[in-house]
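In: Fold the stuff below for me.
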Amino acid sequence: MRVAAVQLQCSGDRAEDQARAAALIGEAAAQGARFIALPELFASLGRSSAMRAAAEPRRGPTFDWAAALAVQHHCTLLAGSIVERDGDHLYNTALLIGPQGELLAHYRKVHLFDVEVERAASRESDTFSPGDDAVVAPLPDGTMLGLTICYDLRFPELFRIAALRGARIIAVPSAFTAATGADHWEVLVRARAIENQVGILAPAQWGTSPDGITRHGHALIVDAWGSVLAEAPPTGDMVLVADLDPTEGERVRRRLPSLANRRPEAYHWPDRTSQ
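Out: Next up is the predicted model:
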């Protein structure tokens, strides 16, 4: 399967960001990619007030824009995430859109980035409500895709659940901070691929975003062995394209059957508050 991960910088001007994203989607499609993924909040990342103003229904203007591009390029498109308004709640929501413009699945970010890391203090929970489930959905060719977003990368339970539900590729659209990215980003992406024996598609934002936080960039495509198939430098709008074999995980699992060797009966949470 030829896949593509987009790296771009959110400027705060939605029309400009969507135009740049559309050009990169077209570039990926011209290189034969049939599954293309955009970064987290690719056209709406900003301060809380700006993101609230950018909120829209799941099937709102951004869905319509992305669906038209999926149809135009006959590809499956992961609109990295949008600010979804649902009643009184806002969610950081990824939209998976098929080549007929249909909504195949959506995923609401489960783990919200509430941290005090130097140069990257953030409280996503001031803006967003958390999602409450792992999501695995079939791509048009039947390959099962797990959906996660950015900070989810630090929670291996979510990835393991997706793998056990049949995911062979997991997408991680991100806006990872530069303050943590140099030490953690690639290590975590490859670890999630290795321990679950799945391919990982990790599009990324780069540069200083409108909220004043600098993003790490370094978009990645990693196979089920944990090998990096394609990677971007930390800066610059670009698209990564690679051939990712979703069946490779089965071969890896036969050679190194760590998932089969699990012993769930021995795994017990220390106490109820740890669950």
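
In: Count the neighbours of A30 for me.
Out: 11 (other C-beta atoms under 10 Å). Heads up, the C-betas are built off the backbone N, CA and C, glycines and all.

In: From A4, how far out is it?
Out: 10 Å (C-beta to C-beta, to the nearest Å).

In: Ok, I161 next?
Out: The value you get for I161 to A4, if C-beta to C-beta is used, is 26 Å.

In: what does the helix or strand encompassing Y91 rub up against?
Out: Assigned by DSSP states H and E, Y91 belongs to strand 89-97. The contact list for strand 89-97, computed with C-beta atoms under 8 Å, 6 or more residues apart in numbering, reads 40-41, 51-52, 55, 58, 62-63, 66-67, 70, 76-84, 103-109, 112, 124, 127-129, 131, 137, 145, 147, 149, 171, 173.

In: what's the answer for stretch 251-271, then?
Out: A163, L164, E195, N196, Q197, A224, W225, Q275.

In: Pull the most distant pair out of the residues you listed.
Out: Of all pairs drawn from the contacts of stretch 251-271, the greatest distance, 31.6 Å, lies between W225 and Q275 (C-beta to C-beta).

In: who's more crowded, the two?
Out: Higher neighbour count among W225 and Q275: W225, with 16 against 7, using other C-beta under 10 Å.

In: Find the residue closest to the more buried one in space, skipping its chain neighbours.
Out: Spatially, and ignoring its direct neighbours in sequence, W225 is nearest to V252 (5.7 Å; C-beta to C-beta, 6 or more residues apart in numbering).

In: again, but for E27
Out: Using C-beta to C-beta, 6+ apart, the nearest residue to E27 is V239, at 5.2 Å.

In: Using the three-state scheme, assign the one you found.
Out: The three-state label given to V239 by DSSP: H, G, I helix; E, B strand; the rest coil is strand.

In: From S11, how far out is the closest residue to D17 other than its chain neighbours?
Out: The shortest distance from D17 to any non-neighbouring residue, by C-beta to C-beta, 6+ apart, is to A43 (3.9 Å). From A43 across to S11, the span is 9 Å (C-beta to C-beta).

In: Tell me which of these two has more neighbours.
Out: A43 (27 against 16).

In: so what's the more buried one scoring on pLDDT?
Out: Note for A43: predicted pLDDT of 93.

In: In contact with it, which residues?
Out: Counting by C-beta under 8 Å, 6+ apart, the residues that A43 touches are C10, R14, D17, Q18, A21, T62, I82.

In: hang on, the third one in a helix?
Out: Yes - assessed with three-state DSSP, D17 lies in a helix.

In: pretty sure it is in contact with C10, am I right?
Out: Yes - when contacts are counted by C-beta atoms under 8 Å, D17 is listed as touching C10 (5.6 Å).

In: between these two, which one's more packed in?
Out: C10 (27 against 20).

In: For that one, give me phi and psi.
Out: Backbone geometry at C10, expressed as degrees, to the nearest 10, gives phi -80, psi 130.

In: now do the one 3 residues further on
Out: Backbone torsions for D13, taken as degrees, to the nearest 10, come to phi -100, psi 100.

In: Share the number of residues neighbouring it, please.
Out: 12.

In: Surely P173 touches L45?
Out: No - applying C-beta under 8 Å, one finds P173 not in contact with L45, separated by 11.4 Å.

In: Between these two, tell me which one has more neighbours.
Out: P173 (30 against 27).

In: any idea how far that one lies from G142?
Out: 22 Å.

In: Same question for V189.
Out: The value you get for V189 to G142, if C-beta to C-beta is used, is 25 Å.

In: Looking at these two, which is more packed in?
Out: Neighbour comparison, V189 and G142: the larger count goes to V189, with 27 against 8 (by other C-beta under 10 Å).

In: what's the average pLDDT for the helix or strand that contains S81?
Out: According to DSSP H and E, S81 maps onto strand 76-86. Taken as a whole, strand 76-86 carries a mean pLDDT of 97.

In: One more: stretch 204-215?
Out: Here the average pLDDT along stretch 204-215 is 94.

In: returning to that earlier point: for the residue nearest to W225, identify the helix or strand it belongs to.
Out: Going by DSSP H and E, V252 is part of helix 248-255.

In: The stretch 151-275 of the chain: strands as residue ranges?
Out: Applying DSSP state E, counting those that start in this stretch to the stretch 151-275 of the chain gives strands spanning 169-171, 199-202, 204-208, 214-216, 220-222, 228-231, 238-243.
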